[in-house]
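Novice: this is a predicted model, with the sequence first.
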Amino acid sequence: MATRLNGIIRALEAGQPAFACFQPAEIDSAYAIQSTKFDGVVWEMEHNPWDGRALRDAMQYLLNRGQIVKGGTLAPAVTPMVRVPVNGIEKAQWQAKQALDIGCYGIVFPHISTVEEAYNAVAACRYPRLSSAPNFEPQGIRGDGPHGAVRYWGVSQQDYYAKADVWPLAPEGEIFAILQIEDMRGVDNLDKMLTEVKGIGAILIGEGDLGQELGIPRQYEHPELLKQMARVVETCKKHNVIVGHPHVEAGNCERIIKEGYRFLMCAPVRSYNHLDKARAAAGLK
């Protein structure tokens, strides 16, 4: 049985890019995404309402017993994570705590702009430990109640505690902490964040909000936006931290991969190709 449960981490450790997508935490979305080639899914609960019951249901319907038996591994075919609704400045941890206790393998924290906010985000994903313990910092603040996660991961409680830490700070950790940089303050502070805060799994650029601040909303190919995004990429490369892109499409994927992005989010687009061709064959537009 494979020991690595988190498919995002598995891909990155193999030197490959990891592919994920945003999806609403709904049963139909879970059905649709579980048979795809995505490494992971991020349940979207920043711009959608926070609903712990919906998150739990979506995660359960993401599992496929046939996949588990045929694959011979407890690792889900598509790794579930969640984007929590709090901004970094609000420094709430309860949504992250609940998501991890349900069994999520990662948290996307939006709007991280300072060292303090970055520290708080990683700390929310870690259990407390004595200051004499290895890799004490960032000091964990997660509460102890992982019964749902233990069941979802399919491991013993003690095995869960051994694995429930942030990667790559903890090499055996299965929790992937993703911090979104979405404003110029975050861009300017990123070098300091990555110098002072360990345990960040990836930096995900929030190009939508960043473009809003720069006065060029939704202009994803604008030179000024690309310039600031390049600063983020170079800072991440300097610190050997994974950098992610939220809008990978057919028209930009080659450029994005060449620039060094390794956490790639592609929207799962529904196709009406069969309908279009059938209508054309019937003489309809």
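Specialist: In hand now; what should we look at? Residues are numbered from 1 along each chain as shown.

Novice: contacting residues around residue 209?
Specialist: 111, 182, 183 (CB atoms under 8 Å, 6 or more residues apart in numbering). Every residue, glycine included, has its C-beta placed from N, CA and C.

Novice: so what's the gap between the strand or helix carrying it and the chain middle?
Specialist: Counting by DSSP states H and E, the element that carries residue 209 is helix 207-213. Centroid displacement of helix 207-213 relative to its chain, using CA atoms, centre = their mean, to the nearest Å, is 19 Å.

Novice: now tell me what touches the very next helix or strand once past that helix from outside.
Specialist: The helix or strand immediately downstream of helix 207-213 is helix 223-239, counting by DSSP H and E. Residues outside helix 223-239 that contact it (CB under 8 Å, 6+ apart): 181, 184, 187, 190-191, 194-195, 203, 205, 207, 210-211, 214, 216, 219, 242-243, 259-261.

Novice: quick check: next helix or strand after helix 223-239?
Specialist: strand 242-245.

Novice: mind listing what's buried along the helix or strand just after that next one?
Specialist: As assigned by DSSP H and E, the chain's next helix or strand after strand 242-245 is helix 253-259. Residues 256, 259 are the ones in helix 253-259 that count as buried (16 or more other CB atoms under 10 Å).

Novice: now helix 253-259: average pLDDT?
Specialist: Per-residue pLDDT over helix 253-259 has a mean of 96.

Novice: cool, stretch 67-81 as well?
Specialist: 93.

Novice: any idea how far that stretch is from the middle of the chain?
Specialist: The answer for stretch 67-81 is 18 Å, by CA atoms, centre = their mean.

Novice: quick one: end-to-end length of it, please.
Specialist: 19 Å (CA to CA, to the nearest Å).

Novice: can you pull out the helices in the stretch 51-200 of the chain?
Specialist: Assigned by DSSP state H, counting those that start in this stretch, the helices in the stretch 51-200 of the chain fall at 52-62, 65-71, 94-102, 115-124, 147-153, 157-163, 184-196.

Novice: going by mean pLDDT, which of these comes out lowest?
Specialist: helix 65-71 (a mean of 89).

Novice: so residue 29, which state does it fall into?
Specialist: helix (DSSP: H, G, I helix; E, B strand; the rest coil).

Novice: for it, which non-adjacent residue is closest in space?
Specialist: Spatial nearest neighbour of residue 29, chain neighbours left out: residue 23 (4.4 Å); criterion: CB to CB, 6 or more residues apart in numbering.

Novice: that neighbour pairs with what?
Specialist: Counting by DSSP bridges, residue 23 is bridged to residue 43.
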